[in-house]
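Trainee: My questions concern the predicted model and sequence given below.
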Amino acid sequence: MSKLQINSKRTWLASVAIIGIAATLTGALAWTAGWIGTRPTSKGLVGQAPASFPPGFRRAHGKGLCFVGTFRHHQDAQALSKARVFTQAEVPVIGRFSIGAGNPHAADNSTGTVSMALLLTTDDQQQWRMALNNQPYFATHDAEGFSAMLKATAADPATGQANPERLAAFLERYPEAKKFLAWRAAAPAPASFSGVEFFGINAFYLVDTQGQRQAVRWSMRSQVPFQPLANEQRQAAPHDFLFDDMRQKLAQQPLHWDLVMQLAQPGDPVDDPSQPWPQQRRQVVAGTLEVTQVIEQAVGACRDVNYDPSIVPAGIEVSNDPVLSARSGAYSHSFNLRVGEIGHGQASEAIGKQEEP
Ligand code: HEM
């Protein structure tokens, strides 16, 4: 056996190489875990949400109402995708209406964001999960931009307004956000979930029986007209007006939304959710959702669902949109936290149980 020569050049070179490899691996681990650098992690993204709410609730969109319904495909969808949802006559749906606020006790007029989440399960146990908002596109091209926008538009405690310098610095880095902020300022608030069009925002691919892939973005377009709410009415609206309206409407009759696929053309930006495709792109109605009943979220099946939009069945594929993968990580982190709190008996309110005396 040869002896280790401490003073030899080879030994030193080998030591330097080993230290270098160890440092690179440690750095990579620290970066992946989010200990160093500015890359957003799931923990960091969820950490942006207000934290002082009761345990067991979603870290974003905490206030919600479960619903059940049925999805029925339209024939036109079959040419685009081989997914089982487009051949099975009726697919059961577990859904959720929510508002954008994190606080499960927020007033319904506290945010302009209203949302729909869907879980479709076909008879072969494949699932398609979606989480859609009333905004037609995302503010920024990546998830860092989402965090940066929350900080840049937060009210300065001294003035009650966004800090103009911080906002200008954000817009210099994310100029695409200007059109989103303008849209948000002008968009009429909804008087009801029932007339809202909900957008999936991120792009996906539909895959047909021949393996052909078509990039699409989808929305759930209501079959009843949008009802806008004037500012003064909105200020005076009761605390739970949006959810109470759904409880009342669905006690009378079902509501319907069409699943609309917008088809990209070559050159349309597939992986940037801040860039909507031209209005005139072909649209295909792929099916209709019938919502029949709402159930309170503390006891409804939607409570323990993680509506991760990257869970899609065969016949649908995710795109490389970085916001889609960031969402998947953030939802899973939020889900693990809230289900952990329920599992540890810390979340009596979230599961509708009285506190033990
Ligand atoms: C970087 C971007 C985003 C982040 C970090 C983020 C974060 C989150 C988190 C943490 C939750 C709670 C998940 C749970 O506990 O189950 C959530 C829920 C939700 N998000 Fe996002 N989100 C992002 C983008 C979007 C976009 C683009 C949309 C719309 C297309 C959207 C729509 C929703 C909806 C509808 C829910 C409620 C789902 C439910 O009812 O369970 N989010 N989001």
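Mentor: Here it is on my side, so go on.

Trainee: okay, now K178: neighbour count?
Mentor: Counted with other C-beta atoms under 10 Å, residues neighbouring K178 total 11. (Glycine included, C-beta is placed from N, CA and C.)

Trainee: That one contacts L171, doesn't it?
Mentor: Yes: in this structure K178 lies within contact range of L171 using C-beta atoms under 8 Å: 6.0 Å.

Trainee: Surely V285 is within a strand?
Mentor: Yes: counting by DSSP: H, G, I helix; E, B strand; the rest coil, V285 is part of a strand.

Trainee: quick one: pLDDT of it?
Mentor: Per-residue pLDDT puts V285 at 98.

Trainee: Please apply the same query to V291.
Mentor: Taking V291 on its own, its pLDDT is 98.

Trainee: cool, and G267?
Mentor: Residue-level confidence at G267 comes out at 97, pLDDT.

Trainee: which secondary structure element contains it?
Mentor: Using DSSP states H and E, G267 maps to neither a helix nor a strand.

Trainee: Spit out the contact partners of it.
Mentor: Applying C-beta atoms under 8 Å, 6 or more residues apart in numbering to G267 gives no contacts.

Trainee: Can you get me a residue count around I94?
Mentor: I94: 21 neighbours (other C-beta under 10 Å).

Trainee: Summarise which helices and strands the one helix or strand it maps to is packed against.
Mentor: For I94, the element it lies in under DSSP H and E is strand 91-99. Helices and strands touching strand 91-99, by 3 or more C-beta pairs under 8 Å, 6 or more residues apart in numbering; DSSP states H and E, are strand 64-73, strand 114-121, helix 241-252, strand 283-296.

Trainee: Now tabulate those in TSV and tack on distance to M130 and mean neighbour count.
Mentor: Listed next are the helices and strands packed on strand 91-99 as TSV, based on distance: least, C-beta to C-beta, whole Å; neighbours: other C-beta atoms under 10 Å:
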stretch	distance to M130	mean neighbour count
strand 64-73	11	21
strand 114-121	5	24
helix 241-252	18	16
strand 283-296	10	18
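
Trainee: Of the ones you listed, which is nearest the ligand?
Mentor: Nearest of the helices and strands packed on strand 91-99 to the ligand, taken as C-beta to the nearest ligand atom: strand 114-121 at 3.3 Å.

Trainee: what's downstream of that closest one, the next helix or strand?
Mentor: strand 127-133.

Trainee: Give me the contact list for that next one.
Mentor: Applying C-beta under 8 Å, 6+ apart, the contact partners of strand 127-133 are 83, 85, 100, 113-121, 198-201, 218-220, 305-309, 311-313, 316, 327, 331.

Trainee: from those, which are also near the ligand?
Mentor: Subset of those in contact with the ligand: S115, A117, G200, I201, N306, Y307, R327, Y331, counting by C-beta under 6 Å from any ligand atom.

Trainee: Determine which two of those are furthest apart.
Mentor: I201 and N306 (18.0 Å; C-beta to C-beta).

Trainee: Compare the two and say which is more crowded by neighbours.
Mentor: Applying other C-beta under 10 Å to I201 and N306 shows that I201 carries more neighbours, namely 23 against 19.

Trainee: The more buried one touches A139, doesn't it?
Mentor: No: applying C-beta under 8 Å, one finds I201 not in contact with A139, separated by 10.3 Å.

Trainee: Residue numbers of this structure in contact with the ligand?
Mentor: Within the chain, the positions near the ligand by C-beta under 6 Å from any ligand atom are 45-46, 58-61, 64, 96, 98, 115, 117, 131-133, 138, 143, 146, 200-201, 306-307, 323, 326-327, 330-331, 334-335, 338.

Trainee: Just the ones in helices from these, please.
Mentor: L45, V46, A143, F146, V323, A326, R327, A330, Y331, S334, F335, R338 (DSSP state H).

Trainee: residues contacting the second one?
Mentor: When the contact criterion is C-beta under 8 Å, 6+ apart, the partners of V46 are R59, A60, A330, H333, S334, L337.

Trainee: Where do the strands of this protein begin and end?
Mentor: Ranges of strands within the chain are 64-73, 91-99, 114-121, 127-133, 189-190, 198-199, 204-207, 213-222, 228-229, 255-263, 283-296, 316-318, based on DSSP state E.

Trainee: now the contacts of V46 as TSV including pLDDT and neighbour count?
Mentor: Listed next are those as TSV, based on pLDDT from 0 to 100; neighbours: other C-beta atoms under 10 Å:
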residue	pLDDT	neighbour count
R59	93	21
A60	94	20
A330	96	25
H333	95	19
S334	95	22
L337	94	17
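
Trainee: Against R10, how distant is the spatially most central residue of the chain?
Mentor: Closest residue to the average C-alpha location of the chain: A131 at 4.9 Å, with C-alpha atoms, centre = their mean. A131 sits 57 Å away from R10, taking C-beta to C-beta, to the nearest Å as the criterion.
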